[in-house]
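Asker: Give me a 3D structure for the following:
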Amino acid sequence: GMELGWEDWTCLYLSTPVQFGVGRRFYISAWRGLVHGSIGMDFLVMLGTSCAYFYSCIIFAVKLFCPSCYPTLKATFETSAMLLTFVTLGKTLEAYAKGQTANSIKKLIELQPHSTLRVTNYNKELSVRVLETENVETKDVCVGDILMVMPGSNIPTDGVLMARDGEGKDGVSYIDESAFSGEPLPVSKRVGDKLLGGSVNQLSLLIMKVTHTGASTALSKIISLIEEAQANKAPIQAYADTLAGVFAPFVITMSFITFVFWIITGNDTDMEDKVFTALMSAISVVVVACPCAMGLATPTAVMVGTGVGANYGLLIKGGAVLEEAHAVSAVVFDKTGTLTQGKAVLNTEDQSIPDELKVGVPDSKKGHIALWLAACAEGGSEHPIARAVVDKARGLWGNDVIGFADGVTTDNWRVVPGNGVECLVKREGWGERVVRVGKKEFACEGWLDVDEGAEVMLKETRERGHIAIHIGVSESTTLQQFSNQFRPIALFGIEDPLKSSARSACLALRDRGMEVYMCTGDHQVTAHAVAKQVGIPPAHVKSGMTPEGKADFITQLIEEQKNKRKPGKVAVVGDGINDSVALARADVGIAIGAGTEVAMEAAGIILVKNCLHDVFIALDLSRVVFSRIKMNFVWAMGYNLCALPFAAGVFSSWLSWRLSPAFAGLMMAFSSVSVVTSSLLLRMYKKPVISIDGTVQRMDICSRTRRAICDLCGLGRTKVGDGKIEQVVYGRDSAEFDKDNFTNSFNNNEIV
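Answerer: Model (predicted):
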């Protein structure tokens with residue numbers, strides 16, 4: 001007989017703590033699953049390792065008490081220990097992937113200082129330098145507190161800039177908000193501007209008033225969004241869990257069939273050898289068929305993908321959003337604040353001033369008489385158009401846009417809702433006149449002469465997408481004399497300037513094969529003018545839409561995309577409260593980070609940087625992550641399906657070799673390791689670069705290598721033909737762009 005050696009005792013002592021220490025979590029999880037009527041992957045791990053361990057214990061006991069019995073049987077404690085070690089290694093790597101992404105949360109949390117300086121004797125009249133402060137913990141700061149922020153230190157919480165002192169001209173302070181926006185340059189801040197907790201003060205000593213604390217700060221909201229995103233389960237993950245639940249009974253059945261088959265048909269003469277062979281094959285089947293890696297395929301890729309997105313200023317709310325975004329075939333943009341800057345700017349001034357109005361005008365205002373009079377009328381209004389006029393005037397004359405220092409006074413200021421504003425402007429030597437600013441019917445009331453040049457100018461202003469406002473002047477000295485004519489003296493064009501990234505983002509999306517729409521509450525003429533500038537087809541422009549109308553249009557578009565030969569999803573990009581219903585209704589809602597909190601709550605993806613190129617990057621990243629998830633499933637299932645016949649001993653007659661349980665454990669663990677490694681490789685993702693004409697240049701290693709080869713071979717150059725530019729970019733369908741709108745430099749009729 002074969003007595004027990006020191007190796008057997010060593011294996012027993014080493015494997016037992018592994019089986020019940022390392023394996024404890026699997027036993028607990030499997031038991032909970034059984035209690036609730038579900039058999040999961042932990043049950044399969046527990047079943048495979050327990051079979052191997054208790055089989056070895058039985059052999060050990062037999063050898064201990066009857067050394068001459070069953071001399072050929074051998075204890076295999078290492079099987080269960082190796083299997084548990086490899087599975088735990090897979091789980092550890094998964095935790096590492098989570099930890100790497102959680103680092104972005106940790107870094108954000110570290111942005112908030114633990115303590116700050118609270119001002120105890122704040123007074124507007126006192127110099128910033130003489131204010132008294134006390135050191136308090138940041139968590140004890142309340143809304144309304146006045147804080148002092150030293151140069152170079154982090155701003156403790158959200159607030160408003162009250163005063164400053166230090167280096168820097170024009171009363172401007174500079175704040176580094178790169179943690180929020182990714183922009184490397186500091187942002188200028190004036191008194192009254194918002195400050196974000198976690199951003200870094202640069203050169204000035206600041207006094208700020210706290211507006212938000214704790215969970216309501218921008219930093220805390222971003223942290224909670226990232227945490228929510230990583231907890232969110234993708235539908236494909238739920239599918240994997242369901243598959244694992246079905247797989248468990250299948251594996252147990254396969255294992256039982258294998259055991260019975262080898263007991264009946266085994267070649268071994270001794271019964272104990274038959275049992276040993278059958279049991280080893282059955283355990284190998286359980287181990288090798290266990291799809292543990294399948295459970296890692298989705299969460300690891302989602303974790304790493306959302307972490308990569310956060311590094312590029314894209315806050316993606318979980319796997320479900322990623323899964324929807326990868327299939328987007330139509331993108332709907334809001335206009336105001338999304339494609340445009342959301343701020344009215346006075347762009348054009350066409351004035352025709354009669355000679356009598358030029359007499360007695362303050363010297364500083366002589367070159368811009370119409371702007372001066374418009375600023376007098378608009379000075380008391382909070383309307384965005386009024387702000388545009390006053391801002392232009394301030395750029396020329398500082399805060400005294402009316403000219404109080406030159407003896408100008410205004411009186412009888414009045415708003416006429418839906419029409420405009422009027423007021424009485426007085427100055428000695430110039431006289432008293434009523435000035436009206438607004439719609440033509442109001443500002444030029446009673447004026448019968450038709451100026452054809454002015455009509456042409458009005459038409460051109462509207463076609464450019466500008467809002468036309470008229471300035472009219474009356475000789476009236478009192479507002480009751482409305483019968484007087486108001487003489488038109490100027491036509492101003494107010495525009496909401498396009499974002500610099502709007503056109504190239506729309507062209508890049510269209511070039512990718514997506515349909516691009518614009519949906520706005522604005523006037524049809526303005527909407528079509530903006531759409532023309534960014535390259536959206538007229539048929540895809542929806543104007544004059546209410547928030548409910550936008551949502552209904554999105555529902556209709558979702559149905560259209562579903563019924564296509566290749567079904568797709570709909571993404572909506574917006575920034576305001578009026579977009580929130582559409583953002584929630586869409587398959588994928590994308591909110592601009594500078595937009596409202598309501599829009600950010602309703603959206604699935606938030607663009608921190610306010611750059612529309614990030615819409616393309618977010619959709620591109622989701623495609624990369626989703627294709628990686630599918631590849632992970634191939635890795636997870638490939639091992640199982642290939643190794644199953646070997647584990648069951650199907651080829652043992654020809655190969656004289658069986659897959660041992662220990663080797664099966666190694667294979668299963670390697671499957672898990674390969675899946676996690678595949679997910680971690682997503683960290684190598686580089687965002688594509690979008691040029692001014694919408695050309696997308698991929699920055700990953702493969703694309704850069706391909707471009708280098710194409711450059712060496714003289715391929716991939718862009719030819720300019722008659723009025724059109726044909727893009728011949730590496731491996732891409734040719735696309736055409738209008739040469740007149742293309743602002744790149746030309747060199748020998750080729751763009752290099």
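Asker: Just the buried positions in whichever strand or helix holds residue 629, please.
Answerer: Element membership for residue 629 (DSSP states H and E) is helix 613-648. Buried residues in helix 613-648, defined by neighbour count with 16 or more other C-beta atoms under 10 Å: 613-622, 624-626, 628-629, 632-633, 635-637, 639-640, 643-644, 646-648. To be clear about C-beta, it is placed using only N, CA and C from the backbone, and glycine gets the same treatment.
Asker: Then stretch 354-368?
Answerer: By neighbour count on 16+ other C-beta under 10 Å, the buried set for stretch 354-368 is 357, 361, 362, 365, 368.
Asker: Can you redo those residues as a markdown table, where the extra columns are pLDDT?
Answerer: As requested, the buried residues of stretch 354-368 are exported to a markdown table (pLDDT from 0 to 100):
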| residue | pLDDT |
| --- | --- |
| 357 | 83 |
| 361 | 87 |
| 362 | 87 |
| 365 | 85 |
| 368 | 87 |
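Asker: okay if I get those residues as CSV plus secondary structure and distance to residue 559?
Answerer: Output for the buried residues of stretch 354-368, formatted as CSV (DSSP: H, G, I helix; E, B strand; the rest coil; distance: C-beta to C-beta, whole Å):
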residue, secondary structure, distance to residue 559
357, helix, 59
361, coil, 61
362, coil, 62
365, helix, 58
368, helix, 53
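Asker: nearest to residue 49, of these?
Answerer: Residue 49 lies nearest to residue 368 out of the buried residues of stretch 354-368, by C-beta to C-beta, at 85.1 Å.
Asker: Assess the claim that that closest one and residue 353 are in contact.
Answerer: No. Residue 368 sits out of contact with residue 353 when judged by C-beta atoms under 8 Å, with a separation of 9.9 Å.
Asker: Give me the distance between residue 211 and residue 592.
Answerer: Noted for residue 211: a distance of 21 Å to residue 592, by C-beta to C-beta, to the nearest Å.
Asker: what does residue 82 give?
Answerer: From residue 82 over to residue 592 the distance is 52 Å, taken as C-beta to C-beta.
Asker: of these two, who's got more company?
Answerer: residue 592 (28 against 23; other C-beta atoms under 10 Å).
Asker: partners of the more buried one in the sheet?
Answerer: Beta-bridge pairing for residue 592 (DSSP bridges): residue 607.
Asker: mind checking pLDDT for it?
Answerer: Reported pLDDT at residue 592 in the predicted model: 82.
Asker: Now do the same contact list for it.
Answerer: Neighbouring residues of residue 592 by C-beta atoms under 8 Å, 6 or more residues apart in numbering: 337, 338, 573, 574, 575, 599, 607, 610.
Asker: And those, which is closest to residue 301?
Answerer: Nearest to residue 301 among these, with distances taken as C-beta to C-beta, is residue 607, at 21.7 Å.
Asker: right, and that closest one touches residue 614 too?
Answerer: Yes. Judged on C-beta under 8 Å, residue 607 makes contact with residue 614 at a distance of 4.4 Å.
Asker: okay, and the common contacts of these two?
Answerer: Shared contacts of residue 607 and residue 614, defined by C-beta under 8 Å, 6+ apart, comprise 313, 314.
Asker: Let me see the contact set for the residue lying closest to residue 216 once chain neighbours are set aside.
Answerer: If the residues on either side of it in the chain are set aside, residue 216 comes closest to residue 158, at 7.7 Å by C-beta to C-beta, 6 or more residues apart in numbering. Neighbouring residues of residue 158 by C-beta under 8 Å, 6+ apart: 194, 195, 196, 197, 210, 211, 212, 213, 216, 217, 218, 219.
Asker: okay, which residue is most central for the protein?
Answerer: Centroid check for the chain by C-alpha atoms, centre = their mean gives residue 314 as the closest residue, at 2.7 Å.
Asker: residue contacts, the closest residue in space to it that isn't next to it in sequence?
Answerer: Distances taken as C-beta to C-beta, 6+ apart put residue 618 closest to residue 314, at 4.9 Å, once the chain neighbours are dropped. Counting by C-beta under 8 Å, 6+ apart, residue 618 touches 309, 314, 316, 325, 590, 605, 607.
Asker: Equivalent analysis for residue 173, please.
Answerer: Listed by C-beta under 8 Å, 6+ apart, the contact set of residue 173 reads 161, 164, 166, 188, 189, 190, 201, 202, 203, 204, 206.
Asker: Which of those residues scores worst on pLDDT?
Answerer: Ranked by pLDDT, these bottom out at residue 166 (57).
Asker: number of nearby residues for the residue lying closest to residue 148 once chain neighbours are set aside?
Answerer: Sequence neighbours aside, residue 117 is the residue nearest to residue 148 in space, at 4.3 Å (criterion: C-beta to C-beta, 6+ apart). Per other C-beta under 10 Å, the neighbour tally for residue 117 reads 19.
Asker: what's the spacing between residue 117 and residue 134?
Answerer: 7 Å.
Asker: hmm, back to that, tell me which of the contacts of residue 158 fall in helices.
Answerer: Taking DSSP state H, the ones among these that sit in helices are 218, 219.
Asker: Might you list the low-confidence residue ranges for the stretch 201-350 of the chain?
Answerer: Regions of the stretch 201-350 of the chain meeting the criterion pLDDT under 70 cover residues 222, 225-241, 244, 267-270, 290-293, 295.
Asker: in it, which spans are helices?
Answerer: 218-231, 235-265, 271-289, 292-311, 319-325 (DSSP state H, counting those that start in this stretch).
Asker: In contact with the nearest residue to residue 149 once chain neighbours are set aside, which residues?
Answerer: Take residue 149 and drop its neighbours on the chain: the residue closest to it by C-beta to C-beta, 6+ apart is residue 206, 4.3 Å away. Contacts here follow C-beta under 8 Å, 6+ apart; on that basis residue 206 touches 148, 149, 155, 161, 163, 164, 173, 195.
Asker: for the host helix or strand of residue 423, the distance to its chain's centre please.
Answerer: In this assignment (DSSP H and E), residue 423 forms part of strand 420-427. Remark: strand 420-427 is offset 48 Å from the chain centroid, using C-alpha atoms, centre = their mean, to the nearest Å.
Asker: quick one: buried residues of it?
Answerer: Under the neighbour-count criterion of 16+ other C-beta under 10 Å, strand 420-427 has 420, 421, 422, 423, 424, 425, 427 buried.
Asker: what do you get for stretch 208-222?
Answerer: Of the residues in stretch 208-222, 208, 209, 210, 211, 212, 213, 217, 218, 219, 220, 221, 222 count as buried by neighbour count, 16+ other C-beta under 10 Å.
Asker: My guess is the first one contacts residue 146. True?
Answerer: Yes. When contacts are counted by C-beta under 8 Å, residue 208 is listed as touching residue 146 (7.3 Å).
Asker: so what sits against both of the two?
Answerer: Common neighbours of residue 208 and residue 146 (criterion: C-beta under 8 Å, 6+ apart): residue 162.
Asker: residue contacts, the nearest residue to residue 423 once chain neighbours are set aside?
Answerer: Leaving aside its chain neighbours, residue 423 sits nearest to residue 413 (4.1 Å; criterion: C-beta to C-beta, 6+ apart). For residue 413, the contacting residues are 377, 380, 421, 422, 423, by C-beta under 8 Å, 6+ apart.
Asker: now residue 148
Answerer: Shown in contact with residue 148 (C-beta under 8 Å, 6+ apart): 117, 118, 119, 128, 131, 133, 205, 206, 207.
Asker: Can you classify the second one as helix, strand or coil?
Answerer: Spelled out, that is residue 118. strand (DSSP: H, G, I helix; E, B strand; the rest coil).
Asker: which one is it nearest to, not counting chain neighbours?
Answerer: residue 136 (4.9 Å).
Asker: what about that neighbour, neighbour count?
Answerer: Applying other C-beta under 10 Å, we find 16 residues neighbouring residue 136.
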